[in-house]
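1. This is a predicted model, with the sequence first.
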Amino acid sequence: MIALVHYKLAKGGVELREVPRPLDLAKDEVLLASRGVGVCGSDLHQWHNTQSWNVNVPVILGHEFCGVVAECGQDVREFKAGDRVACETAARICGRCVYCRSGEYNLCPQRLGFGYGVDGAMAEYVKVPARCLHHLPASVSFVKAALTEPCCVAFNATCTKTQIRPGDNVLVLGPGTIGLLCLVFAKLAGAATLGITGLPQDRQRLELARSLGATYVLTETTNESLQTIRSTGDGLGMDVVIDATGYSAALQFALAAVRPGGQITKVGWGAEPLQFSLDPIVQKAARIQGSFSHNYPIWERVIGLVASGLFDPTPLIGRVEPLENWKVCFEEMSSGQVVKDILRPAPEGS
């Protein structure tokens, strides 16, 4: 089968390769025919060799995916061949630690994810543990289902790790996939005022943010921008700031924008060291909360929201392409022309 492989730790070390179809299913595994895979910012980082995590090369990319069950291991009972499913990202966990036993396996110290730790879904077939799978309602297309994973990341950050009360003023830093999804979930959670920041080159993404419910957009994080932020509400700052950027320096702006007693949730990765004081978080008695990945209840909630029509992630999609056209999708997303592209390793019905 053809797969998109990250084959070496070097810039551009990604290419299409002929690889063997996965064989020898374990008792608790499922062979999944991949029908939709979202291109993530982490895939772009691995393509550019700018990732801040260990990658087990060679490895097949792709961790935002859905598909059709092709074959089941002998102990799998809850799924059968032909089932439409979406798949979580925690490909390997220990199953024994306190996090695994309490349902927070996303925090398992031995966790490995698809696309960097084990082979992912940018291939015709991928082997997955049955515990990672969720049934898809008929109303949820494979294109929508391919966005389930980033939706779950944003839901966890915005609706689980963050306390947003009706009427709160919320600021999102960064108009990437996660930032835009956090904006939508903050609106669903009852936020009164929704701001979002980006860069001048993010103009298209910021216009999309407006259509998704942003009250105002900012293309600079300056003192003038802070005045705009403080002109909302009582002038003391934002109740909640969600940092969905890939830059450590964004946290400094978050510290300035949050109100006393407010909350900052950091969901964006930033490899650079901090070059500023954290004293404002002490002075304001504010809270910084990290958010990473997701777990089973979050997936069920998000799939339910999409199926009900209360939440539609498709406005974020730029194009849907066969796997062979991966490079144009990677280039478009890297340049910021689109928010999210979807690859289809095999067409539906094949």
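-> Nice, thanks for sending it over.
2. I'd like the distance between the residue nearest the centre of the chain and residue 176.
-> Nearest to the mean C-alpha position of the chain, counting by C-alpha atoms, centre = their mean, stands residue 150 at 2.7 Å. Residue 150 sits 9 Å away from residue 176, going by C-beta to C-beta, to the nearest Å. C-beta here means a position set from N, CA and C on the backbone, and glycine is covered the same way.
3. go on, residue 141?
-> The value you get for residue 141 to residue 176, if C-beta to C-beta is used, is 23 Å.
4. where along the stretch 1-150 of the chain do the strands fall?
-> Taking DSSP state E, counting those that start in this stretch as the criterion, the stretch 1-150 of the chain contains strands spanning 2-6, 14-18, 29-38, 59-60, 64-72, 84-87, 90-92, 112-113, 125-129, 133-135.
5. Of those strands, which stretch is the most buried?
-> The highest mean neighbour count among the strands of the stretch 1-150 of the chain, using mean count of other C-beta atoms under 10 Å, belongs to strand 29-38: a mean of 26.
6. what are the pairing partners of it, and which direction each?
-> Using DSSP bridges, the strands paired with strand 29-38 are strand 64-72 (antiparallel), strand 125-129 (antiparallel), strand 340-344 (antiparallel).
7. Of all these, which one is nearest residue 155?
-> For those, distance to residue 155 was read as C-beta to C-beta. The smallest value, 14.1 Å, belongs to strand 64-72.
8. what's in contact with the closest one?
-> The set of residues external to strand 64-72 that reach it, using C-beta atoms under 8 Å, 6 or more residues apart in numbering, is 25, 30-40, 79-87, 89, 114, 120-121, 125-126, 130, 133, 136, 142, 145-150.
9. Report all helices and strands that the host helix or strand of residue 171 contacts.
-> Remark: residue 171 resides in strand 169-173, with elements defined by DSSP states H and E. Secondary-structure packing of strand 169-173 (3 or more C-beta pairs under 8 Å, 6 or more residues apart in numbering; DSSP states H and E): helix 177-188, strand 193-197, strand 238-243, helix 250-257.
10. Which residues does that strand contact?
-> Outside of strand 169-173, the residues within contact range by C-beta under 8 Å, 6+ apart are 164, 179-180, 182-183, 186, 191-197, 221, 229, 232-233, 238-245, 250, 253-254, 257, 268.
11. pLDDT weak spots in the protein?
-> Across the chain, the ranges flagged by pLDDT under 70 are 347-350.
12. Just the helices from it, written as ranges.
-> Counting by DSSP state H, residue ranges of the helices within the chain are 41-48, 98-101, 142-145, 148-155, 177-188, 203-212, 223-230, 250-257, 279-283, 296-308, 326-335.
13. roughly how far is the fourth one from the heart of the chain?
-> Between the mean C-alpha point of helix 148-155 and the mean C-alpha point of its chain there is a distance of 5 Å (C-alpha atoms, centre = their mean, to the nearest Å).
14. same question, the longest one
-> In this view, helix 296-308 has its centroid 15 Å away from the chain centroid, taken as C-alpha atoms, centre = their mean.
15. Show me what it is packed against.
-> Using 3+ C-beta pairs under 8 Å, 6+ apart as the contact criterion, the elements in contact with helix 296-308 are strand 133-135, helix 142-145, helix 148-155.
16. With the third one instead?
-> When contacts are defined as 3+ C-beta pairs under 8 Å, 6+ apart, helix 142-145 sits against strand 29-38, strand 64-72, strand 84-87, helix 296-308.
17. Could you export it as PDB, CA atoms only?
-> Written as PDB, here are the backbone C-alpha positions of helix 142-145 (Å, rounded to 0.1, in the frame of the first residue of the first chain):
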ATOM      1  CA  PHE A 142     -15.900  11.100   7.100                       C
ATOM      2  CA  VAL A 143     -14.800  14.600   6.200                       C
ATOM      3  CA  LYS A 144     -16.400  16.000   9.400                       C
ATOM      4  CA  ALA A 145     -15.200  13.000  11.400                       C
END
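18. For the residue lying closest to residue 340 once chain neighbours are set aside, give me its contacts.
-> The spatially closest residue to residue 340, leaving aside those adjacent along the chain, is residue 316, at 4.7 Å (C-beta to C-beta, 6 or more residues apart in numbering). For residue 316, the contacting residues are 147, 177, 180, 181, 208, 339, 340, taking C-beta under 8 Å, 6+ apart as the criterion.
19. now residue 282: how far from residue 163?
-> 20 Å.
20. no wait, residue 279
-> Applying C-beta to C-beta, one obtains 24 Å for the distance of residue 279 from residue 163.
21. if you count what's nearby, which of those two comes out ahead?
-> residue 163 (14 against 9; other C-beta atoms under 10 Å).
22. if I read this right, residue 125 contacts residue 35, doesn't it?
-> No. Taking contact to mean C-beta atoms under 8 Å, the distance of 10.9 Å between residue 125 and residue 35 leaves them out of contact.
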